[in-house]
Structure formats: C-alpha cells, structure tokens
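S.K.: Here's a sequence, model it:
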Amino acid sequence: MNFIEAMIAAAGQAPHAPLTIASDVRPAASTLGEVVRAGRQMGTGMTAAGIAPGDIVACMLPNWREWLVVAVAAAQAGAVMLPIVTIYGAKELGFILRQSDARWLFTPDHFRNVDFAGVVAGCGDLPGLRRHVMTGADFDALASPCPIGEPADVAADAMSLLVYTSGTTADPKGVMHSARTFLAELASMREMRREAGDDAVISPWPPGHVAGALSMYRFLCQATPLVLMDQWDAALAAELIDRHKVTSSSGTPFHLSGMIAAADAHGHDLTSLRQYLVGAAPVPPSLIARCRQLGLAVYHCYGSSEHPTVTSGVVDDPLDKQLHTEGRAIPGSELRFVDDDGNDVPSGSDGEICTRGPELFLGYLDPALNVGAFFPGGWYRTGDIGRVDTEGYLLITDRKKDIIIRGGENISSKEVETLLLSHPAIVDAAAVAAPDERMGEVVRACVVLAPGTALTLDELREHFFAAGIAKQKTPERLSILPELPRNASGKVLKHELRRSA
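M.R.: The predicted model follows:
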C-alpha cells in the first residue's frame, strides 16, 4: 500500500476523525475527510502543473492544516514529501533545496516575525526550484475545489518521504523513507500502544522532524484524532489535553514537566492522558513521582530519523524498566551489538547498536553517506552504545561521539546527567567534555537551577560522593545557565555547550 491508498482508506473508514489546530495565525477545526479531499484536489492541480511521480515537494510549514493538505497532495501526485523545520535560515534551507533538487516549496508568508520570501531569496541560486507557494492567496488558489483525478501509481517501496536530520554536528543528512517503511512504523507503534479505540493525540513536535511527521501521518493514515500547536506552549498544551480529552502524547522531559506544572498552576485536568512517550533522555525522579500521582505512564523509546522506533516501553512495564531502560524491540525490529570491527560482543556487554527492521530507511540521499553506515545483511550502524538486560530491555550507554574521555577512560555523559537530575536544585542538565591540560578532558556539568536555589561545585561534588559514583565521573567544571540550547525537537545542542566552555 502506498501513502495515498492508505489516506483514502482511512478517510473512507473515519471521515469525521477530528483535527484541531491551536494557533494565533491559522487556527483550524477540520476532519480527516475534509483534509484528504482538499489534498487530493491540490494534488490533481499539481499534476496538471507539471509535478511528476518522484519529484520532490518541500514543505516548510508549521503544524497547520495546510501541512497535512500538502502531504496528501504530494501523495496524490506521486511526489516525494520533504518536510523542513521552520526555524531554518537561508543557509540550511538552501542546502536542503539544492541537494534534494526540490521542484516546489511551500512556506508561510510570515510566521514568528520571519519573512519567508526573504529567506528563500537569501538561499541564492536554486536551479531546480520551479515554484514557491506561500500561504494566502497563492495557496488557496491551488487548493480550490476541482474534479479529483486518479492518484499517481507509486510503488510502496519507492521513496515517498525525505526527512533531513537536525544537523547538530554537520550538514543535515537526507533520510529516504518509503510508504512501506513509514506505514510499518505506524502499525508497529499502534500495536505497542495497545490503543483502546478512544485515543486522541497531542504532538509538540515540529513536522519537519520525524517525530512530528509521524504524528501527522498517524492522523492521515490511521485516522487518530489529532491536536496541534504551531509553537510550544505548556499552558496551552495542558488546556488542550483537558478540553479534548487527549489520551497520549510524546516529548522530552522539558515538554512533560512544563505541561504538568502549567496544569497544576491553572487547574487543568490531565487525567485523560494515559501514556507519555519520551526519547532516550533521563527523567527526573520527582517528575516521575508526579506522573504516577496522575496515573500517567511515562516510558522511553529509542529511535532516529533513520529507524524511527527501534525499542519502546509500554504502559504496564515495571516502573524500574520505564525509568531506566528504552523498552524492548518493537514488532519486527532487531538489535545487534558489535565492536569497532563489526564483531558481535558477548551477551550483556556494551557494543555499538546496530538495527534492522521494516521501519528502517532506504538509505541516505547522498550515497556517499551510506559508506560505513551499514554492516552486511542490512544492519544499520546507529553510532550509539548500549546493551540489553536479561529481560530484553535496552540500556543506552552513550553515543560514540558524546563520551567524555578522562585520562583515557570513557565516561558516559548520560550516566552523569541522570545523577545531576537527581539533585533537588537541578531541573535540566547536560554533561559535556571540557578540555584539561592534565587529563585531556574532564566532566563539565551544564545545569539549569530551580527558581530560588543555588549550587556550588563543592556542593555538587558532595552530591556525587554521596551517590557512591566513581570519582572520575564527578564534574570538575560547573556552568549554571538560564536554559540549555535546544533544536526544534528539544534535543540539547551539545556542540554549542562545548564551544562555550
């Protein structure tokens, strides 16, 4: 099944599945049937205007109804949907448009004080781009009612979605997915979530990232009611969960803690929210305790743009597994752990995580990036280090690129961060390497403190000593910051922290 077949089927089965867009700019209340019909009309017009199967259609829109319409239109025309985050400037956007050879680009006219015509003009030469469609009269004319043509015949295994990585350390990488890989991801996650039939989702993720795109396609292809905001607002999220009786969500501890604090402050009822999925990030114990008071199951998952979900917890996992592991492999996914030469490490030992499964991407758009990205047999090298416990739960030790090497010994930044977050004064934390003449590198703690609290390096050392952690893992530098730098998906930009040392 390709994307447009899945969308038509979902709209036929649940045409009234609701869509709510909370926005000061383009609020909307719509249904799946309306969105799919509008998208098919637009896609028919795109075909008439020259878009052919396999052409790239870039969409730099926020969490708006228009994004969903473009996704359906691209599928109707047989084009490849290329979502792009709206925070990118001309440098990043120009790189993506040139490398992908995108034919059309959809953007807002203005959003968050950004003039998108100016951003596109600043990209320089874009030889492949034929049309820039901005919201407003141009978009509305393209989406006007018309007879719907037959959808393009596209193979389920053909590239149909192109997602660029966040590019925190280098130029973004184009990750190619097919309808088959993305629909397999949606199907396996539905099985893991054990949906009860009354589910509704709120997503904090921008749709230019894989997590945000998954929420959008979950509505389009599975008819799951969807609530969206075009920018993160914790108080608004709490109010929307209460009003629409949202049952599940995902995000980072940053999103979760802000939402719960806002609900407490404004009296919003979050009891409809049954489960919350967080990425591979440590969750403060105090936050977990508050979630348990609410009856909210919080568990981890592990994945990437290349393999969106490899492992996931479930609502009835034991508490220690929800807190300290990334869950077990989802249906169809496989894990291997290897050394630097690609040899399997002994069971229970740390090794580089390699993955395989129906959700795995087709490869990078730039074929040079595929060199070294795979082992024989189609195993994808994640670059992450970890192991599974005796019950099959995944534990992440660290990223190869994100370790601290003190005196030749590798230190897990994740382990340090977990202990940092157990300090009562710390509400957000990251551990990075700081250069040191004697040891090469030492641990630098970058922390955000709770209002009205203070912390010294000596006090932090006492906290680590009391925990019984190895002395070399104790922070030797302390930076107290108003907030940690993050990208649009909430990931801490550690390269910025290292540069600021």
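S.K.: which regions of the chain sit below the pLDDT cut-off?
M.R.: Scanning the chain for pLDDT under 70 picks out the ranges 166-170, 195-197, 280-282, 400-401, 407-410, 438, 501.
S.K.: Can you pull up the most central residue in it?
M.R.: Ala211 (3.4 Å; C-alpha atoms, centre = their mean).
S.K.: who's in contact with it?
M.R.: By C-beta atoms under 8 Å, 6 or more residues apart in numbering, Ala211 lies in contact with Ser203, Trp205, Ser250, Pro308, Ser489. Every C-beta, even on glycine, is put in place using the N, C-alpha and C of the backbone.
S.K.: what's the helix or strand for the nearest residue to the fourth one once chain neighbours are set aside?
M.R.: Right, Pro308. Among residues not flanking Pro308 along the chain, Glu185 sits closest, at 4.8 Å (C-beta to C-beta, 6 or more residues apart in numbering). Here Glu185 is covered by helix 179-193, with elements defined by DSSP states H and E.
S.K.: Which positions within that helix qualify as buried?
M.R.: Neighbour-count burial for helix 179-193 flags 179-189, 192-193 (criterion: 16 or more other C-beta atoms under 10 Å).
S.K.: Partner strands of the helix or strand that that helix is followed by, with direction?
M.R.: Using DSSP H and E, the helix or strand that follows helix 179-193 towards the C-terminus is strand 201-203. Its sheet considered, strand 201-203 pairs with strand 226-229 (parallel), strand 248-251 (parallel) by DSSP bridges.
S.K.: tell me what whichever helix in the chain runs longest is packed against?
M.R.: Across the chain, the longest stretch assigned as helix under DSSP state H is helix 32-48. If contacts are counted by 3 or more C-beta pairs under 8 Å, 6 or more residues apart in numbering; DSSP states H and E, helix 32-48 sits against helix 3-13, helix 65-77, helix 137-142, helix 210-222.
S.K.: could I get those as a markdown table with distance to Asp199?
M.R.: As requested, those are exported to a markdown table (distance: least, C-beta to C-beta, whole Å):
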| stretch | distance to Asp199 |
| --- | --- |
| helix 3-13 | 14 |
| helix 65-77 | 18 |
| helix 137-142 | 30 |
| helix 210-222 | 9 |
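S.K.: what's the most buried one of those?
M.R.: Highest mean neighbour count among the helices and strands packed on helix 32-48 (mean count of other C-beta atoms under 10 Å): helix 65-77, with a mean of 28.
S.K.: CA atoms of that one as PDB?
M.R.: In PDB, the C-alpha atoms belonging to helix 65-77 read as follows (Å, rounded to 0.1, in the frame of the first residue of the first chain):
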ATOM      1  CA  ARG A  65      -3.900  22.200   8.400                       C
ATOM      2  CA  GLU A  66      -2.000  23.300   5.200                       C
ATOM      3  CA  TRP A  67       0.900  21.000   6.000                       C
ATOM      4  CA  LEU A  68      -1.500  18.000   6.000                       C
ATOM      5  CA  VAL A  69      -3.100  19.100   2.800                       C
ATOM      6  CA  VAL A  70       0.300  19.300   1.100                       C
ATOM      7  CA  ALA A  71       1.200  15.800   2.400                       C
ATOM      8  CA  VAL A  72      -2.000  14.400   0.800                       C
ATOM      9  CA  ALA A  73      -1.400  16.500  -2.400                       C
ATOM     10  CA  ALA A  74       2.200  15.100  -2.800                       C
ATOM     11  CA  ALA A  75       0.900  11.600  -2.300                       C
ATOM     12  CA  GLN A  76      -1.900  12.100  -4.900                       C
ATOM     13  CA  ALA A  77       0.700  13.400  -7.400                       C
END
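S.K.: which helices and strands does that helix pack with?
M.R.: helix 3-13, strand 18-22, helix 32-48, strand 56-59, strand 80-83, helix 210-222.
S.K.: let's see it at 6 Å
M.R.: Here helix 65-77 touches helix 3-13, helix 32-48, strand 56-59, going by 3 or more C-beta pairs under 6 Å, 6 or more residues apart in numbering; DSSP states H and E.
S.K.: Would you reformat these as TSV and include distance to Lys414?
M.R.: TSV is the format used below for the helices and strands packed on helix 65-77 (distance: least, C-beta to C-beta, whole Å):
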stretch	distance to Lys414
helix 3-13	36
helix 32-48	39
strand 56-59	34
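S.K.: For Asp264, which of the helices and strands packed on helix 32-48 is the nearest?
M.R.: helix 210-222 (25.5 Å; C-beta to C-beta).
S.K.: Dump the closest one to PDB, keeping only the CA atoms.
M.R.: Output of helix 210-222 as PDB, limited to C-alpha atoms (Å, rounded to 0.1, in the frame of the first residue of the first chain):
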ATOM      1  CA  VAL A 210      10.500  12.600  12.000                       C
ATOM      2  CA  ALA A 211       8.500  12.600  15.300                       C
ATOM      3  CA  GLY A 212       6.300  15.400  14.100                       C
ATOM      4  CA  ALA A 213       5.800  13.800  10.700                       C
ATOM      5  CA  LEU A 214       4.800  10.600  12.300                       C
ATOM      6  CA  SER A 215       2.000  12.400  14.200                       C
ATOM      7  CA  MET A 216       0.800  13.900  11.000                       C
ATOM      8  CA  TYR A 217       0.800  10.600   9.100                       C
ATOM      9  CA  ARG A 218      -0.800   8.900  12.100                       C
ATOM     10  CA  PHE A 219      -3.800  11.200  11.500                       C
ATOM     11  CA  LEU A 220      -3.800  10.800   7.800                       C
ATOM     12  CA  CYS A 221      -3.200   7.100   7.500                       C
ATOM     13  CA  GLN A 222      -4.800   5.800  10.800                       C
END
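S.K.: Which residue ranges make up each domain of this protein?
M.R.: Here the domain parsing of the chain from automatic domain parsing is 3-231, 260-399, 407-499.
S.K.: among these, which is nearest His244?
M.R.: Here domain 3-231 is closest among those (C-beta to C-beta), at 5.2 Å.
S.K.: Going by neighbour count, which residues in stretch 254-262 are buried?
M.R.: Phe254, His255, Leu256, Ser257, Gly258, Met259, Ile260, Ala262.
S.K.: What of stretch 424-439?
M.R.: Ala425, Ile426, Val427, Asp428, Ala429, Ala430, Ala431, Val432, Ala433, Ala434, Met439.
S.K.: Now do stretch 184-200: distance to the chain's middle.
M.R.: 17 Å (C-alpha atoms, centre = their mean, to the nearest Å).
S.K.: Between the two ends of it, how far is it?
M.R.: End-to-end distance for stretch 184-200: 20 Å, by C-alpha to C-alpha, to the nearest Å.
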